[in-house]
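>>> I would like to see how this sequence folds:
(4 chains)
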There are 2 protein chains.
Amino acid sequence: MAIDQVDYDLPNSKNLWSMYGLNMSNSLVDKSLVKLSQAGLRLTKQRRAMLEALVIAEKPMSAEEVHAKLYSGTCDLVTVYRSLEQFERVGVVQLGVRENGTKVYCLSHGLDHHHHLTCRICGRTERVDLCMAEELEKVGRSYGFTELSHVMELFGACPECKKEA
Amino acid sequence: MAIDQVDYDLPNSKNLWSMYGLNMSNSLVDKSLVKLSQAGLRLTKQRRAMLEALVIAEKPMSAEEVHAKLYSGTCDLVTVYRSLEQFERVGVVQLGVRENGTKVYCLSHGLDHHHHLTCRICGRTERVDLCMAEELEKVGRSYGFTELSHVMELFGACPECKKEA
DNA sequence: CTCAGTGCAAACCTTTTGCAATAGT
DNA sequence: ACTATTGCAAAAGGTTTGCACTGAG
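Numbers count the residues shown, from 1 in each chain, chains lettered A, B, ... in the order given. Sure thing, here's the model as predicted:
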């Protein structure tokens, strides 16, 4: 079992987190769980595992990548797809797209919307706190569009990968 | 044959465009052809048809959409995929991604890089002349990244679609 | 108890690859 | 002629769907 995998097959207990053997009142995860619950979604061990994986990773991951982080047998890949979709719908995660079209998800850090710089060779990811949401909203509204959303991803070759090549 | 389809199976002639029955010294297409040629790519009737389709459409299209614009039998879908990839490599088209991960391509209007606002219901597209390329480059370089590129797409529901719903 | 969520299998859609035939240059 | 490009067929990759079963509220 890889060190960063998450094992949720532990005995039950009272509170939300101790049952997973995690000493974690991680505000990100807590907030996420609350949001899920408020949106009427059910809290399952599979979903908790996925959220946990997203917190640990701290970077956008595809459904397959999230699935790979889970302790083998935690849940089916299909469930990851379905849950991530739900998570996005209720604003718990933020959707992004890789250059090759793969969808990736990362936890919404509270209210703050952000973007990423990704190495297209090794996948290294850096957070980019730069966003033109307001300007884009303005343009969108000027055309009468509503329910605006945007995708912005920055790609490049990181110094390490460039060294090797 | 739909009115906006492009038929290239016409008799040969001397110049680049008259052979297609098109009275077109369209600078966009001309520039594109020159770029292709300069990059060492070959000018085939399939590629000319694709470029033409892109000019007529004036909006980003997926490989399948480009293929659908071509007169039936002009070329195989696989060829469209391969050519668009080449076009992008030499800077003749610009790559974008839809919310669902589909790759889309649009002609690079000369040197100007731009983005799009797309209705996620009907596909209507508006050009967005707003870009933070410079700021993004700066961030990328600050992390030591090179060969930077970015994807930015704005999505929403257009007024017409909203009316119906 | 009820319906949302899950697993499994299979379908689907988009994109990529292999190889022999074709056609620019 | 030389080699990029094409078509066809097949595989690959990522995502979605159908259905019966399970489990959270």
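
>>> all contacts plus neighbour counts: C-alpha atoms, from now on.
Will do.

>>> I would like the residues contacting the helix or strand harbouring residue A:160, please.
For residue A:160, the element it lies in under DSSP states H and E is helix A:159-164. With Cα atoms under 8 Å, 6 or more residues apart in numbering or on different chains as the contact definition, helix A:159-164 has outside contacts at A:121-122, B:144-146.

>>> how far is that helix from where the chain is centred?
Averaging C-alpha coordinates over helix A:159-164 and over its chain gives two centres that are 27 Å apart (Cα atoms, centre = their mean, to the nearest Å).

>>> Over to stretch A:67-75?
Relative to the chain's own centre, stretch A:67-75 is displaced by 15 Å; criterion: Cα atoms, centre = their mean.

>>> just the strands in chain A please.
Remark: strands of chain A, listed N- to C-terminal, are A:93-97, A:103-107, A:115-119, A:125-128, A:146-157; assignment by DSSP state E.

>>> now the ones you listed in JSON lines, with mean pLDDT, mean neighbour count and distance to residue A:78?
JSON lines is the format used below for these (pLDDT from 0 to 100; neighbours: other Cα atoms under 10 Å in any protein chain shown; distance: least, Cα to Cα, whole Å):
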{"stretch": "strand A:93-97", "mean pLDDT": "91", "mean neighbour count": "24", "distance to residue A:78": "17"}
{"stretch": "strand A:103-107", "mean pLDDT": "94", "mean neighbour count": "22", "distance to residue A:78": "14"}
{"stretch": "strand A:115-119", "mean pLDDT": "90", "mean neighbour count": "23", "distance to residue A:78": "26"}
{"stretch": "strand A:125-128", "mean pLDDT": "90", "mean neighbour count": "17", "distance to residue A:78": "25"}
{"stretch": "strand A:146-157", "mean pLDDT": "88", "mean neighbour count": "20", "distance to residue A:78": "24"}
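
>>> Nearest to DNA strand D, out of the ones you listed?
Closest to DNA strand D of the strands of chain A, according to Cα to the nearest atom of the strand: strand A:103-107, at 3.6 Å.

>>> what does chain A have sitting close to DNA strand D?
Counting by Cα under 7 Å from any atom of the strand, the positions of chain A adjacent to DNA strand D are A:37, A:42-45, A:62-64, A:78, A:81-82, A:85, A:101-104.

>>> Which members of the residues you listed are positioned in helices?
Secondary structure assignment (DSSP state H) places A:37, A:45, A:63-64, A:78, A:81-82, A:85 from those within helices.

>>> So how do I select the buried members of these in PyMOL?
Buried residues among those (16 or more other Cα atoms under 10 Å in any protein chain shown), as a PyMOL selection:
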select buried, chain A and resi 63+81+85
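
>>> Between which two of the residues of chain A next to DNA strand D is the distance greatest?
The most widely separated members of the residues of chain A next to DNA strand D, counting by Cα to Cα, are A:37 and A:101 (30.5 Å).

>>> Return the distance of the residue nearest to residue A:77 when sequence neighbours are not counted relative to chain B.
Using Cα to Cα, 6 or more residues apart in numbering or on different chains and skipping the chain neighbours, the partner closest in space to residue A:77 is residue A:67 (5.9 Å). For residue A:67, the distance to chain B under the criterion Cα to the nearest Cα, to the nearest Å works out to 19 Å.

>>> What about the contacts of helix A:159-164, which one has the most neighbours?
With neighbours defined as other Cα atoms under 10 Å in any protein chain shown, the most crowded of the contacts of helix A:159-164 is residue B:145; it has 22 neighbours.

>>> Domains of chain A: list them as residue ranges, please.
Chain A breaks down into these domains under automatic domain parsing: A:1-109, A:113-165.

>>> Just send those back as a markdown table, with distance to DNA strand C too.
Putting the domains of chain A into a markdown table (distance: least, Cα to the nearest atom of the strand, whole Å) gives the following:
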| stretch | distance to DNA strand C |
| --- | --- |
| domain A:1-109 | 3 |
| domain A:113-165 | 13 |
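
>>> so where's chain A shaky on pLDDT?
Screening chain A residue by residue with the criterion pLDDT under 70, one finds the ranges A:1-26, A:110-112, A:165.

>>> please redo it, this time with the cut-off set to 80
For chain A, residues meeting the criterion pLDDT under 80 lie at A:1-27, A:109-112, A:121, A:164-165.
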